[in-house]
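> Have a look at this prediction, sequence included:
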Amino acid sequence: QVQLVESGGGLVQAGGSLRLSCAASGRTFTSYAMAWFRQAPGKEREFVAYANWSGSSTYYADFVKGRFTISRDNAKNTVYLQMNSLKPEDTAIYYCAASRYYSRSYSSYDYWGQGTQVTVSS
């Protein structure tokens, strides 16, 4: 079992930055790849970013490339999402998730956090 708790969301103006954190419980954090998804009101949950167990391989959705960076600190059992140049369309609930392998599909992820709200004002 892995429990995930996100933090770091909030209200920011367009062009600003936020850093999300996702703390994982358990001793098997390095057994899992980690990802961030987001869900805006009335929309499906969508893939944002992925990092493999070591953080050496990362993938991003096209709409965040060059603006968001995923990283992980395995000593702290934590994965991060640094979000720069935020846009109003980035407004959503952001979730971290754990999986045994790479996937952009939310159905492939075994464990989820409760989500953290990110609101970007114009």
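Right, received. Where do you want to start?
> And for the chain, the residue most distant from the center?
Farthest-out residue of the chain from its mean C-alpha position, per Cα atoms, centre = their mean: residue 122, at 22.5 Å.
> distance of the residue nearest the centre of the chain from residue 77?
Centroid-nearest residue in the chain: residue 36, 2.4 Å away (criterion: Cα atoms, centre = their mean). For residue 36, the distance to residue 77 equals 16 Å [Cβ to Cβ, to the nearest Å]. From N, CA and C alone the C-beta is placed, and that goes for glycine too.
> With residue 11 instead?
Using Cβ to Cβ, residue 11 is found at 28 Å from residue 77.
> So which of those two has more stuff around it?
residue 77 (18 against 12; other Cβ atoms under 10 Å).
> how close does that one sit to residue 30?
For residue 77 relative to residue 30 (Cβ to Cβ), the value is 9 Å.
> if we can go back for a sec, for the spatially closest residue to the residue farthest from the centre of the chain that is not a sequence neighbour, the count of nearby residues, please.
Nearest residue to residue 122, sequence neighbours excluded (Cβ to Cβ, 6 or more residues apart in numbering): residue 88, at 4.7 Å. Neighbours of residue 88 under the rule other Cβ under 10 Å: 11.
> tell me the contacts of residue 119?
Residues near residue 119 by Cβ atoms under 8 Å, 6 or more residues apart in numbering: 10, 11, 12, 91.
> any chance of those in JSON lines, plus pLDDT?
Shown next, in JSON lines, are these (pLDDT from 0 to 100):
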{"residue": "10", "pLDDT": "97"}
{"residue": "11", "pLDDT": "98"}
{"residue": "12", "pLDDT": "98"}
{"residue": "91", "pLDDT": "98"}
